[in-house]
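1. Quick one, structure for this:
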Amino acid sequence: MDKKSFIKRFHFCDESEILPIYDKISLAKKTNNTVYTSTFYTPNVWNTLENLKKEIGLNICSCGIFEDAERKLIAFSKFDIRNYPIKLMEIKCKSKFVKLQHKDYLGALMALGLKREKFGDLILKEDKQCYLAVCEDVSDYIEMNLNSVGKSSCKANVLDISSAEIPLYNFKTSVLNVSSLRIDCLVSSLCNVSRNKSQEMIKRGKVLLDYLPETRKDKSIEDNCIITVRGCGKFKIVGETGWTGSGRCKLLIKKFS
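-> Residues are numbered from 1 along each chain as shown. Okay, here's the model as predicted:
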């Protein structure tokens, strides 16, 4: 695939963001070595790349450490890909009285002069702990320099991925009764809006299916797909659990919290 055709596949991104990826692909082909991105990418990028692996002629994989991770590093290789230049970190805050949110941890990291692209997802736990995936080349810097989050002092540590218990996302689980597995029907139920309103949201590009824009209102949904609705939330469609007496499908839903 030539450069021009490659860039066209990523019409939703700035060319300056995509060109370094094309260069990484070219380097992997030229050297026969595994080449990694040095920053994390959002789902619309890594998902598109993984769907292009046959056309590109390389094995393309991504890693964000956590199950259901959004932001991931990407690897390009002619061989199997196992190891990534990525670290799992834990941030423990010491104050018992300060309530910290995702934005507080994000702000503390960026206050160190780090770009958002150098770290991936953040998962917060109730015991004032935050777990995050970071690029290997900034892990030591974070460990040495991150001393506070908000008004709370903290300690950052690199964990051994091979032995650490990888935290999971927090979900709110529910069961929806739907008349159809069409995406407009699901969006209507997920966001508690009318069918016409859900179709309008889909038409305006506010609905993503597996992190890519989906504008077909009659698109059928499959198990384990991810639906993201701007202004409403992100949902994992786990699958069918049965049928109601009136013939409606029972769907197990997990909402990211």
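2. Burial check on residue 29, number of neighbours?
-> Using other CB atoms under 10 Å, residue 29 has 16 other residues around it. Where C-beta positions appear, they are placed from N, C-alpha and C, glycine not excepted.
3. can you start the count at 50 instead of 1 from here on
-> OK, 50 is where the count begins now, so the last one is residue 78.
4. quick check, it in a helix?
-> Yes - under DSSP: H, G, I helix; E, B strand; the rest coil, residue 78 falls within a helix.
5. Disregarding residues adjacent in the polypeptide, which is nearest to it?
-> Among residues not flanking residue 78 along the chain, residue 107 sits closest, at 6.7 Å (CB to CB, 6 or more residues apart in numbering).
6. Surely the one you found touches residue 126?
-> Yes - under the criterion of CB atoms under 8 Å, residue 107 makes contact with residue 126 at 6.4 Å.
7. Mind listing the shared neighbours of these two?
-> Residues within reach of residue 107 and of residue 126 at once, by CB atoms under 8 Å, 6 or more residues apart in numbering, are residue 77.
8. In terms of packing, which of the two has more residues around it?
-> Remark: of residue 107 and residue 126, residue 107 carries more neighbours, 22 against 18, as counted by other CB under 10 Å.
9. got the contact list for that one?
-> 74, 77-78, 125-127.
10. And what about residue 156, helix, strand or coil?
-> Assigned with three-state DSSP, residue 156 falls in the helix class.
11. From residue 207, how far out is it?
-> 21 Å (CB to CB, to the nearest Å).
12. Kindly report the same for residue 126.
-> Taken as CB to CB, the span from residue 126 to residue 207 is 25 Å.
13. ok, now residue 120?
-> 18 Å.
14. more crowded one of those two?
-> The neighbour comparison of residue 120 against residue 207 (other CB under 10 Å) goes to residue 120, with 22 against 16.
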